[in-house]
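>>> sequence first, predicted coordinates after that:
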Amino acid sequence: MGKKHDEKLNEEEHIEVTSEQNCECGNECDCGCDCECNENEEINQLQGELALQKDKYVRLMAEFDNFKKRTAGEYSKMIEMANKNIVEDLIEVRETFEKALAAENDSSAFKEGVALIYTKFDEILAKHGLESFGEVGDEFDPSLHDAMLKQASDDIEEGKIAVIFQKGYKLRNNIIRHAKVVISSGVGA
């Protein structure tokens, strides 16, 4: 068993050694060399990693762009409505001026002074985006007006505003108070 067995072992070791030296490219090497198959494999791996990183980058940039747009929109909305509470309070002052102008008063100087203050105050509110709506004869719009009741009117067509209880207001196209109105039901209804 000695010599034949040793020769057989030597053949197997020789076969194993040569199979380790044969590279995928067919060259005899220990796969630690710089042969083409190792380079191609490495290039393919690096290209795959590069494509993955590019994809991550593009997705991250798109996500960031969406974030910027969303926060810009939220910020502008917040700025628009920042003064909502103070403007609501100032509306009451404006309406008090309207009542003072409508009241019968013998003093024309007083009336002129109130009219000047009212005009200036109204200009300032308009400059900051306040707009009133709801006039007699306007078409009733449930998104702008609150109907308090419906009454017959000889002068106003059906479905139009006959009386204004309280004007409505918008601050930069955002309704901050609906107009309270009476709707005409037409002639003799």
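Thanks, I have the structure now. For clarity, every value in this text was computed on a predicted model and none was experimentally measured. Numbering: from 1, shown residues only.

>>> next, E135: secondary structure please.
When classified by DSSP: H, G, I helix; E, B strand; the rest coil, E135 comes out as coil.

>>> quick check, distance from the helix or strand containing A126 to the centre of its chain.
Using DSSP states H and E, A126 sits within helix 108-127. Mean C-alpha position of helix 108-127 versus that of the full chain (CA atoms, centre = their mean, to the nearest Å) differs by 38 Å.

>>> one more: stretch 60-78?
Distance, centroid of stretch 60-78 to centroid of chain: 7 Å (CA atoms, centre = their mean).

>>> same check, this time on stretch 121-136
26 Å.

>>> start to end distance for it?
End-to-end distance of stretch 121-136: 23 Å, with CA to CA, to the nearest Å as the criterion.

>>> so which bits of it are buried?
Residues of stretch 121-136 classed as buried: 125, 130, 132-134 (neighbour count, 16 or more other CB atoms under 10 Å). Every residue, glycine included, has its C-beta placed from N, CA and C.

>>> cool, stretch 163-179 as well?
164, 167-169, 171-172, 176-179.

>>> least confident pick among those residues?
Note: of the buried residues of stretch 163-179, the lowest pLDDT belongs to R172, at 85.

>>> after the helix or strand bottoming out on mean pLDDT in the chain, next one along is what?
Within the chain, no helix or strand scores below helix 2-21, which has a mean of 52 by mean pLDDT, DSSP states H and E. Following helix 2-21 in sequence order, the next helix or strand is helix 36-81 (DSSP H and E).

>>> okay, now stretch 170-186: how far is its last residue from its first?
Stretch 170-186 has an end-to-end distance of 29 Å (criterion: CA to CA).

>>> ok, V87 touching A126?
No. Using CB atoms under 8 Å, V87 makes no contact with A126, being 11.2 Å away.

>>> coming back round to it: ok, so of the buried residues of stretch 121-136, who is nearest M148?
G134 (11.7 Å; CB to CB).

>>> next, give phi and psi for that closest one.
The phi/psi pair for G134 (degrees, to the nearest 10) reads phi 100, psi 90.

>>> contacting residues for the nearest residue to it once chain neighbours are set aside?
Sequence neighbours aside, A179 is the residue nearest to G134 in space, at 2.9 Å (criterion: CB to CB, 6 or more residues apart in numbering). Neighbouring residues of A179 by CB atoms under 8 Å, 6 or more residues apart in numbering: 133-134, 144-146, 161, 164, 166-168.

>>> quick one: which of those residues has the lowest pLDDT value?
Lowest confidence among the contacts of A179: G134, with 89.

>>> in contact with that one: list those residues for me.
Taking CB under 8 Å, 6+ apart, one finds 144-145, 161, 164, 166-168, 179, 181 in contact with G134.

>>> thank you kindly, that will do.
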